[in-house]
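# the following block contains a protein sequence and its predicted model.
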Amino acid sequence: MGLMLRYAIQTLRARKGSFIGAFLALFCAAALVTACGILLETGLRGTINTERYAATPVVVGADQNVHQTTVKHKKGKTKTKHKAKPLAERVWLPAGTAEKLSSLPGAARVVPEVTFPAYAVDSGGRIVEGVDGKKSYGHGWSSAALTPFALTDGKAPGAGEVVVDRELASRTGLKPGSEVVVQSTGAPTPYKVSGIAAPRSGDLGQQTSLFFSDAEAQKLSGRGGQAAVIGVLPKSGVSAGELASQVNKALSNDDGIRYKVATGGDRGPVEFLDAGAARIKMVSMGGAMGGTSLLVAILVVVGTFALSIQQRHREIALLRAVAATPKQVKQLIGREALIIGALAGVLGSAMGLPIAYWLHGKFVDFKAIPETLEMTYSVVPFFAAIAAALLGAWSAARISARRTARIRPAEALSEAAMEKRHFAWSRLLTGALVLAGGIVLVVVLSFLRTEPASQPVTFLCVVVLSVAVAVLGPVISRISVALAGVPLRLSRVGGHLATANAKANAKRMASAVTPLTLLIGMASTVLFVQTTMGDASTAQAKAGNKADWVVGSSGPGVPAGATAALRQVPGVTDVTEVVRTTVRVGLDKYPAQGLTPQGLTVNWDPDVSQGSIKGFGDKSVALSDVSADNLGKKPGDSLRLTLGDGTEVVLKVAAVYERGLGFGDLTMSHTLVSKHVDNPLASSVLVKTAGDGKAGRQQLTAAVKAFPGIAVLDRTEVDGLAADVQQSNAEVNYLAMGLIIAFTAIAVVNTLAMSVSDRTREFALLRLVGTTRRQVMSMLRIESALVVLVAAVLGTGIAFAVLTAFSVGMTGAAQPSIDPVMYVGVLALAAVLAAVATMIPGRFALSSRPADVIGSRQ
């Protein structure tokens, strides 16, 4: 064993060039695994710091989850499983909860908190965003103690007054005595600034705060005495743990009500609901990226090791000829792989940390996760990456060396001199089975109708079909050369040499085609999955929107007063308010919307296939065809669901519609939904006009001029905004999969460069028999073009098959949306990578004198 290890180290020293490719592949794989593992761990246990409740040791909130308990009886045993999923909106605490806690022996003060959207309006009538473009909230003044906020100027607010935080005052020039219009949950209302307040620890970075009198805050929240959160401040000498125990005991007798009593680091999720939901998103993204990157890494590393061992065929043949046993050869190659894997794993895992920080920062920039979700990691992702690199290297080496180690010495020497011409039936059978498995996955993909189910299968299809290309590579290469042989010979010397080389070295060509095929297939799939979904949903929304105008807001939403004003405009026939949310049916999440029944059938056409939306009311629900199939519901059935704030309702299914991508899976009445969301203002208002006095943009704009931030858009402008939103959402997925594509691109360059660099002796022999440097370079250019052409055909075919299946499943039609410019860009990238990885090593290989090269290789 020690002898094999010493030989392995000596081999690595002597053949550094042959192992650089394998090292780079494993290094990148370890870095990706580490980064994805850190994202995954951040999602599982990431820290969410509190801001508003920094001075409140114990915070009480309602349980923000919907729960499901299942009991199974099997073989005399009872198994109970409990699952919980987060809700989209804040669950409010019942009125009177604060009074139950006020008598606790350890509580010095119990402070109920109400939270609602509240934005200042500047002198120009524009909505003022929160700090750094974040949200702005209104609260009751008594809850200022929870941060704590303290007055730096002025006095506490009374009726018709507001206290603004110091950061907002510095941006807007507000001071005590100023008048400011506030857009909150109702009509914009003027208030007098009574004071300026600031937190003792510095201005808040995640939100802007406006404080009203407690009575005004309750009125604006519209929650009838309920509290969003309750802060409990302890008496002197009472610990947070002791006080939390008292709170839990006091609330334990409330049947049917679940509470969240938080201390320390658990207070953050109570304040920032989106941060809690983002943790789940991070788990999903980290798992998806990590799983896909591992599959890609295995394919790339196996291919790289196969090429490395192929280049050492003569060396291994000599070892077999001097009586080395197959076991010893396997041990030698295995130890070489473990040494490379260990080195690449350690260095790659260290590189994964800055990549994880960069990804986290980008996700925050794209607003996929909030800034309050801090990155959290332990040694586990690093050790996992090192283990993956070791296991990947060892497995790849064993797979690649399996046949070479077992071959008889005489056969090994003959094959080292010339590549074996016939194809192993076992490899052909394996390739056929992998291809069949890929086809089965594509068929399965065409039946998946939800994005969470289809996304991982989509990329798995690309990887499996690329594996089939890798296994069947030599056969594909020979067929390709046979088809391209005639046009290649038009270039007399270069084309003839390229054809002869490709025929004689099908495995070498296959090793170059595989990563390039994976690059083209993966990049095309990542790009055009997004365009397929985006174009389908935009087309459905466009076809279903029958309104002449859409009224939107740059602030929290369109107030009911603006909607009432629009209804009074001459020529306006129908006005429909839209509010959006997310609901749960059981534990399953569905995007939903609430619409006012007035003008519903005129402004909105979801393409009803069953039932009718005429007579749609507060007890009605309409389902998309996908959700109806998932839930097994049809018109006339009852559906029990949980609204965004945890309220359970039973509604009657009125209709099933086809345009679910454009309008969400569930549609309910605006009156019902608006009572159970954090922001009750309409996200948009659909306006239909008719008659000789048909209202235009000018008349509608004049009707809502008293409402800040309101804009009247025509259908073209709405379509443009929808496209921008789709692009913004797609950027997250582009970034998530972009690193894997970059890794694949590195593998392409790596493999091609290894392949060319090993041909120094071949080039020298060609030079000695009269071939010029220019003719050899022409041969390389033609070989590179042939590799790109074959990879483009295979990668495009894989991507098209996968995208078509994805389109059938998600949209019901075999219509993948492919952007020609982006597609040409993918092919151009592949061509440039192939050219760079071929031409530069080729020039280096031709830089030495042929006689010196031949002499050094004896």
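Noted; the coordinates are in hand. Bear in mind the structure is a predicted one, so any value in this text is a computation, not a measurement.

# center of this protein, which residue is that?
By CA atoms, centre = their mean, the mean C-alpha position of the chain lies nearest to residue 733, the distance being 4.4 Å.

# contacts only, for that residue.
526, 529, 530 (CB atoms under 8 Å, 6 or more residues apart in numbering). Backbone N, C-alpha and C define where each C-beta goes, glycine included.

# before we move on, which element is it in?
Using DSSP states H and E, residue 733 maps to helix 715-757.

# can you pull out the strands in the stretch 101-250 of the chain?
Using DSSP state E, counting those that start in this stretch, the strands assigned to the stretch 101-250 of the chain run over residues 107-113, 116-117, 119-121, 136-140, 149-154, 161-165, 179-183, 189-199, 208-212, 229-234.

# now render the ones you listed as JSON lines, adding distance to residue 629 and mean pLDDT.
Below are the strands of the stretch 101-250 of the chain laid out as JSON lines (distance: least, CB to CB, whole Å; pLDDT from 0 to 100):
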{"stretch": "strand 107-113", "distance to residue 629": "42", "mean pLDDT": "94"}
{"stretch": "strand 116-117", "distance to residue 629": "36", "mean pLDDT": "95"}
{"stretch": "strand 119-121", "distance to residue 629": "41", "mean pLDDT": "95"}
{"stretch": "strand 136-140", "distance to residue 629": "40", "mean pLDDT": "96"}
{"stretch": "strand 149-154", "distance to residue 629": "51", "mean pLDDT": "95"}
{"stretch": "strand 161-165", "distance to residue 629": "49", "mean pLDDT": "97"}
{"stretch": "strand 179-183", "distance to residue 629": "41", "mean pLDDT": "95"}
{"stretch": "strand 189-199", "distance to residue 629": "46", "mean pLDDT": "96"}
{"stretch": "strand 208-212", "distance to residue 629": "44", "mean pLDDT": "97"}
{"stretch": "strand 229-234", "distance to residue 629": "39", "mean pLDDT": "95"}
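
# helix or strand right after the helix or strand where residue 580 lies?
Per DSSP H and E: residue 580 is located in strand 572-585. Moving toward the C-terminus from strand 572-585, the next helix or strand (DSSP H and E) is strand 588-595.

# what does the average pLDDT come to for that next one?
Strand 588-595 shows a mean pLDDT of 93.

# from memory residue 745 sits against residue 829, does it?
Yes: counting by CB atoms under 8 Å, residue 745 does reach residue 829; the two are 7.3 Å apart.

# who touches both of these two?
Common neighbours of residue 745 and residue 829, counting by CB under 8 Å, 6+ apart, are residue 519.

# what about these two, which has more around it?
residue 745 (21 against 16; other CB atoms under 10 Å).

# from residue 697, how far out is the more buried one?
48 Å (CB to CB, to the nearest Å).

# again, but for residue 561
Distance, residue 561 to residue 697, using CB to CB: 20 Å.

# wait, isn't residue 180 in contact with residue 121?
Yes: checked against CB under 8 Å, the pair residue 180 and residue 121 is within contact range at 7.1 Å.

# which parts of stretch 86-104 are buried?
86-93, 97-98, 100-101, 104 (16 or more other CB atoms under 10 Å).

# same check on stretch 332-348?
332-341, 343-345, 347-348.

# can you check stretch 53-68 too?
Buried residues in stretch 53-68 (16+ other CB under 10 Å): 53-62, 64-66.

# would you check how far apart residue 33 and residue 687 are?
53 Å.

# returning to that earlier point: who wins for neighbours among the contacts of residue 733?
Of the contacts of residue 733, with other CB under 10 Å as the count, residue 529 tops at 26 neighbours.

# test my guess that that residue contacts residue 456.
No: contact status for residue 529 versus residue 456: not in contact, 11.7 Å apart, counting by CB under 8 Å.

# check which element follows the helix holding residue 733 along the chain.
helix 760-768.

# how about the helices in the stretch 501-650 of the chain?
Secondary structure of the stretch 501-650 of the chain (DSSP state H, counting those that start in this stretch): helices at 506-544, 560-567, 600-603, 625-631.

# nearest to residue 235, of those helices?
Among the helices of the stretch 501-650 of the chain, the nearest to residue 235 by CB to CB is helix 560-567 (44.7 Å).

# would you mind pulling the contact partners of that closest one?
Contacts of helix 560-567 (CB under 8 Å, 6+ apart): 186-187, 551, 572, 575, 577, 681-682, 685, 687, 700, 703-704, 706-707, 710.

# buried subset of the residues you listed?
For the contacts of helix 560-567, a burial check counting by 16+ other CB under 10 Å picks out 551, 572, 575, 577, 681-682, 685, 687, 700, 703-704, 707, 710.

# quick check: the farthest pair among those residues?
Largest separation among those by CB to CB: 572 and 681, giving 19.8 Å.

# what helix or strand does residue 305 sit in?
helix 273-311.

# now that helix: buried residues?
273-279, 281-290, 292-311.

# and what of stretch 390-403?
Those would be 390, 392, 393, 394, 395, 396, 397, 398, 400, 401, for stretch 390-403 by 16+ other CB under 10 Å.

# endpoints of stretch 41-61, how far apart?
Terminal residues of stretch 41-61 are spaced 25 Å apart (CA to CA, to the nearest Å).

# circling back: got the strands of the stretch 101-250 of the chain as TSV, with mean neighbour count and distance to residue 540 columns?
Shown next, in TSV, are these (neighbours: other CB atoms under 10 Å; distance: least, CB to CB, whole Å):
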stretch	mean neighbour count	distance to residue 540
strand 107-113	19	41
strand 116-117	22	29
strand 119-121	25	32
strand 136-140	24	33
strand 149-154	16	46
strand 161-165	26	42
strand 179-183	19	32
strand 189-199	20	38
strand 208-212	27	36
strand 229-234	24	39
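
# so which of these is nearest residue 602?
Proximity to residue 602 (CB to CB) singles out strand 179-183 among the strands of the stretch 101-250 of the chain, at 28.9 Å.

# which other helices and strands contact that closest one?
Secondary-structure packing of strand 179-183 (3 or more CB pairs under 8 Å, 6 or more residues apart in numbering; DSSP states H and E): strand 119-121, strand 161-165, strand 189-199.
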